[in-house]
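Participant: could you look at this predicted model? Sequence included:
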Amino acid sequence: TIAIVVRSIGLGAFAVATMVWVAGFGSAFFAVGSGLLLPTLQAMATKTVDDSMRGGVLGVYQSTTSLAVIISTAVSGLLFGIGPHIPYIAAFVVSALSIIPALMLARHYGREPQTADA
């Protein structure tokens, strides 16, 4: 959940950036948030299934991640046509909203989700 918040702060900074230092601030937060979030998601995807299914689950995980990148790139291009800050605003909103299911999962499992190396 913390990783999503940190990543969202970075996206929010991109959305309001009018100066280079604000974009640099956003880049730092986005990078740290992504560095915490992405390995954790991959570990969660593979550690919740039997050993015999891990390869298949990892393949599906990587495929859906690639598909999400393709779709989000196309949507961002369309949104950029409306205004240069719109893709970042949309990304911030989607990222911030993803905190809700993360908190629901943490509550369901009774604790804050662990990082990949924990």
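Facilitator: That came through, no problem. Residues are numbered from 1 along each chain as shown.
Participant: contacts and neighbour counts: CA atoms only from here.
Facilitator: OK.
Participant: distance check, the residue nearest to residue 27 when sequence neighbours are not counted against residue 76.
Facilitator: With Cα to Cα, 6 or more residues apart in numbering as the criterion, residue 27 has its nearest non-adjacent residue at 6.1 Å, and that residue is residue 10. Between residue 10 and residue 76 the distance is 17 Å, computed by Cα to Cα, to the nearest Å.
Participant: which one's more surrounded, the two?
Facilitator: Regarding residue 10 and residue 76, a neighbour count based on other Cα atoms under 10 Å identifies residue 10 as having more, with 26 against 18.
Participant: residue contacts, that one?
Facilitator: For residue 10, the contact set (Cα atoms under 8 Å, 6 or more residues apart in numbering) comprises 25, 26, 27, 28, 29, 30.
Participant: report the buried residues of the helix or strand of the chain with the lowest mean pLDDT.
Facilitator: Here the helix or strand of the chain ranked lowest by mean pLDDT, DSSP states H and E is helix 99-109, holding a mean of 83. Within helix 99-109, the residues that count as buried by 16 or more other Cα atoms under 10 Å are 99, 102.
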